[in-house]
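Participant: A structural model of the following input is requested.
(2 chains)
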Amino acid sequence: MYEIQELTKIYDMGKVKVKALDGVSFAVQDGDMLAIMGRSGSGKSTLLRQMGLLDQPTSGRIIFDGKEVTRLPERERAKLRLRHLGYVFQEYALLGELTAHQNVYLPGMMLGEEGNNYRERARELLELVGLGERMNHYPKELSGGEQQRVAIARALINHPRVLLADEPCANLDTISSGMVMGTLVRLNRELGVTVIFVSHDPDDRKYAQSVLVLSDGRIAERGGLVK
Amino acid sequence: MTRSLKVAGLLAATSIRKGSIGVTLLIILILALVGLNLLFVPGLLGGLVWGANAKVIQTYTADIVIESKRESLLIRDVDHLISRIEAIDGVIAATPRINMGAEFSFDDERTNAVIYGIRPEREKQVFTIHESLIEGSYLDPGDREGILLGIQLAGADQPDIELYYRSLRRVHAGDRITVTYANGLEKKYTVRGVFHTEYIQTDLQAFVTEKELRAVNPLPPEHATSIHVNTAPDADINAIVAQISSIRNDLKILTWEDYAGIVRSMTDSFAVINAILNVVNLLVAGITVFIVTYIDVVNRRRQIGIQRAIGITPGSITLAYLMRATFYALAGIILASLVFIYLVVPLEAQYPFHFPFGDVYLRVELSGMLRTALILLSAALVAAFIPVWAVMRIKILDAIWG
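Facilitator: Residues are numbered from 1 along each chain as shown, chains lettered A, B, ... in the order given. So this is what the prediction gives:
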């Protein structure tokens, strides 16, 4: 599904240049549940943003489904994000003026499914993540864990091939974290969605099928099936 | 396109519904005030021009003025010509005039003006001066002793009129004044009436009957210095002018617009003033919408970044802001139109503005209102587009995390 080749990302901070990724190469197979781990500042989130086409690397290539997508124009990247990639941000990133239901179906509306299918699917996804009863609530009326589950549901609305989650439990308590990670595992196992998540918590290894550990922007460890 | 419209509609509707009601009302109020200004100024200037034109036509020139091209400046065979003119479709009536310069005196006051010899019954069918008498009565057809004076000549003890200090100041209906004609003849007349049309050039005129002026200044019979033609409101004046031209070739035929150059010059000046005020108003509207959108976009930069990150196209996001600007502009226009039609216009009609050519009433025309709406809407859209376009150029991650 993904082929990452010699990916390098250098942030230009004026006089200082920070190398966040340094020649990272690896591949992700369909149906995998990959944990990208490492200490703070190791380049995990930077790597996920390049894979989610939210940013462009300084050098290297990203191949998605056999096509190079590294330097696509923004319009094409937006299309890919909308159709094939679901992205879950660390801090939920819901739209505060929309209800949970509207937040979830907005990308579906943008993709333009026939009729109102996206509304029904959004309702089903909210039920899937255990929030069927709260679909008409606004983000500020939901807990952190609930907001993150709404964000996961939103990421799934357009049947993405891959779900990218950037520290999805960073701001959550233990119970909420368990629910969110449990949801990701179910999506991977029951719906076959490829899940790539970033975490700095070593305990989260248990949810992954494979692990990539970064250190100073380089791959420090690449592991297969964890369980 | 439908998808973009639906997404933009949802984003725009929710941002209006969930936004601050106070801020929304304030924006609409500011745009309504700008809209009101855009309606009021052209309405006032339109009313001013319309009022001035109406006074000129009704009291000074009529719709068409006919003069002579001949060296003597006299129109020959007047009665036959008038009967031919009145036979033209669209002509209501025509009246001849002869005139002569004269000096007027009353007690110690003296002034100069032109005296017109008129046919009173015909004049009433062409002009409305007889409806503007403030004292006395109109001339009778056979009157040889009476004279009608405009208020700017008589003064009538009204020092607030524009030319009071060059008038006879204290002359009223029933007073006897002395007229010394340009040919040296001096005669006393009884002032039959004083009229006040509120158009200065008319109110500087004096009238005696045609019979009387012919007696004072023997002209060849059937001759006049001018003929004034009143046409039906829906008549094609240019077509009538063409038909009169075809009767004889020794006539100089002018429409009221050709004759009243002062009004045309005033209209042109007002058009320039109107354009300048409109530009200022539009700048105010544009800057208002720009500031509102700019502050909003800056505050929502992160939200816009998230929208882009989840695949909402920049076109849909921009369209949402344009829809919101359209909502503000339309609400402002509707509010301005309602206030203008149901409050400002009736109020102004009760307390009209007073100008040298009469009371001025606001003119409301649908085409003008539509034009105002379109201009305000365009200004709002352009002003909203600029800040959104600027944010769309920022990288997604910079928009989300700054």
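Participant: Now do the same contact list for the residue in chain A that chain B sits nearest to.
Facilitator: Chain A approaches chain B most closely through A:Leu82 (2.8 Å), counting by CB to the nearest CB. C-beta: built from backbone N, CA, C; applies to glycine. By CB atoms under 8 Å, 6 or more residues apart in numbering or on different chains, the residues touching A:Leu82 are A:107, A:110-111, A:158, B:310-312.
Participant: Now for these: which two are most distant?
Facilitator: Greatest spacing in the contacts of A:Leu82, by CB to CB: A:Asn158 and B:Ile312 (11.9 Å).
Participant: what sits in contact with each of those two?
Facilitator: Common neighbours of A:Asn158 and B:Ile312 (CB under 8 Å, 6+ apart) are A:82, A:107.
Participant: elements contacting the helix or strand where B:Leu322 lies?
Facilitator: Using DSSP states H and E, B:Leu322 maps to helix B:314-339. For helix B:314-339, the elements it packs on are helix B:2-18, helix B:21-55, helix B:261-299, helix B:301-309, helix B:366-392, judged by 3 or more CB pairs under 8 Å, 6 or more residues apart in numbering or on different chains; DSSP states H and E.
Participant: secondary structure class for the most centrally placed residue in chain A?
Facilitator: Geometric centre of chain A, nearest residue: A:Leu164, 1.7 Å, by CA atoms, centre = their mean. Here A:Leu164 takes the strand state, with states given by DSSP: H, G, I helix; E, B strand; the rest coil.
Participant: for it, what are its contacts?
Facilitator: A:48, A:51-52, A:85-88, A:155, A:196-197.
Participant: rerun that using 10 Å as the cut-off
Facilitator: Listed by CB atoms under 10 Å, 6 or more residues apart in numbering or on different chains, the contact set of A:Leu164 reads A:34, A:36, A:48-49, A:51-54, A:81, A:85-89, A:155, A:194-198.
Participant: quick one on the thing from earlier: show me which of A:Asn158 and B:Ile312 is the more surrounded one.
Facilitator: Remark: of A:Asn158 and B:Ile312, B:Ile312 carries more neighbours, 25 against 21, as counted by other CB atoms under 10 Å in any protein chain shown.
Participant: What ranges does chain A have for its strands?
Facilitator: Shown for chain A, the strands assigned by DSSP state E span residues A:2-13, A:16-28, A:33-38, A:59-64, A:67-68, A:85-88, A:162-166, A:194-199, A:210-215, A:218-223.
Participant: hey, which of those is tucked in deepest?
Facilitator: strand A:85-88 (a mean of 26; mean count of other CB atoms under 10 Å in any protein chain shown).
Participant: how far out from the middle of the chain is that one?
Facilitator: Mean-position distance between strand A:85-88 and its chain equals 4 Å (CA atoms, centre = their mean, to the nearest Å).
Participant: Can you name every helix or strand that that strand contacts?
Facilitator: Strand A:85-88 sits against helix A:44-51, helix A:144-156, strand A:162-166, helix A:174-191, strand A:194-199, helix B:301-309, with contacts defined as 3 or more CB pairs under 10 Å, 6 or more residues apart in numbering or on different chains; DSSP states H and E.
Participant: Partner strands of that strand, with direction?
Facilitator: If you go by DSSP bridges, strand A:85-88 pairs up with strand A:162-166 (parallel).
Participant: The partner strand relative to helix A:144-156, how many degrees between them?
Facilitator: Here strand A:162-166 runs at an angle of 150 degrees relative to helix A:144-156 (axes from the mean of the first three to the mean of the last three CA atoms, to 10 degrees).
Participant: The nearest residue to B:Ser4 once chain neighbours are set aside: how many residues sit nearby?
Facilitator: By the measure of CB to CB, 6 or more residues apart in numbering or on different chains, the closest residue to B:Ser4 outside its immediate chain neighbours is B:Ser316, 4.4 Å from it. A count of neighbours around B:Ser316, defined by other CB under 10 Å, yields 23.
Participant: now the helices and strands packed on helix B:314-339 as JSON lines including mean pLDDT, distance to B:Leu139 and mean neighbour count?
Facilitator: Output for the helices and strands packed on helix B:314-339, formatted as JSON lines (pLDDT from 0 to 100; distance: least, CB to CB, whole Å; neighbours: other CB atoms under 10 Å in any protein chain shown):
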{"stretch": "helix B:2-18", "mean pLDDT": "89", "distance to B:Leu139": "68", "mean neighbour count": "17"}
{"stretch": "helix B:21-55", "mean pLDDT": "85", "distance to B:Leu139": "21", "mean neighbour count": "20"}
{"stretch": "helix B:261-299", "mean pLDDT": "78", "distance to B:Leu139": "27", "mean neighbour count": "16"}
{"stretch": "helix B:301-309", "mean pLDDT": "88", "distance to B:Leu139": "79", "mean neighbour count": "22"}
{"stretch": "helix B:366-392", "mean pLDDT": "86", "distance to B:Leu139": "42", "mean neighbour count": "18"}
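Participant: Now render these as JSON lines, adding distance to B:Val126.
Facilitator: What follows is the helices and strands packed on helix B:314-339, written out as JSON lines (distance: least, CB to CB, whole Å):
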{"stretch": "helix B:2-18", "distance to B:Val126": "59"}
{"stretch": "helix B:21-55", "distance to B:Val126": "14"}
{"stretch": "helix B:261-299", "distance to B:Val126": "19"}
{"stretch": "helix B:301-309", "distance to B:Val126": "69"}
{"stretch": "helix B:366-392", "distance to B:Val126": "31"}
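Participant: right, so of these, which gets closest to B:Val229?
Facilitator: Closest of the helices and strands packed on helix B:314-339 to B:Val229 is helix B:21-55, at 16.2 Å (criterion: CB to CB).
Participant: how much space between the closest residue to A:Gly108 other than its chain neighbours and A:Leu111?
Facilitator: Nearest residue to A:Gly108 in three dimensions, chain neighbours excluded: A:Tyr118, at 2.8 Å (CB to CB, 6+ apart). Remark: distance between A:Tyr118 and A:Leu111 (CB to CB, to the nearest Å) = 7 Å.
Participant: With neighbour numbers in mind, choose between those two.
Facilitator: A:Tyr118 (21 against 17).
Participant: need the contact list for the more buried one.
Facilitator: A:104-112, A:157-158.
Participant: just B:Leu45 next, same as before
Facilitator: B:266-267, B:269-271, B:273-274, B:277, B:360, B:362-363.
Participant: Can you give me the distance of the closest residue in space to A:Arg161 that isn't next to it in sequence to A:Val193?
Facilitator: Using CB to CB, 6+ apart and skipping residues adjacent in sequence, the residue nearest A:Arg161 is A:His84, 4.9 Å away. As judged by CB to CB, A:His84 and A:Val193 stand 11 Å apart.
Participant: just B:Ile28 next, same as before
Facilitator: As for B:Ile28, its distance to A:Val193 is 46 Å (criterion: CB to CB).
Participant: contacting residues for whichever residue of the stretch 101-250 of chain B sits closest to chain A?
Facilitator: Residue nearest to chain A within the stretch 101-250 of chain B (CB to the nearest CB): B:Asp234, separated by 54.9 Å. Residues in contact with B:Asp234 (CB under 10 Å, 6+ apart) are B:Gly90.
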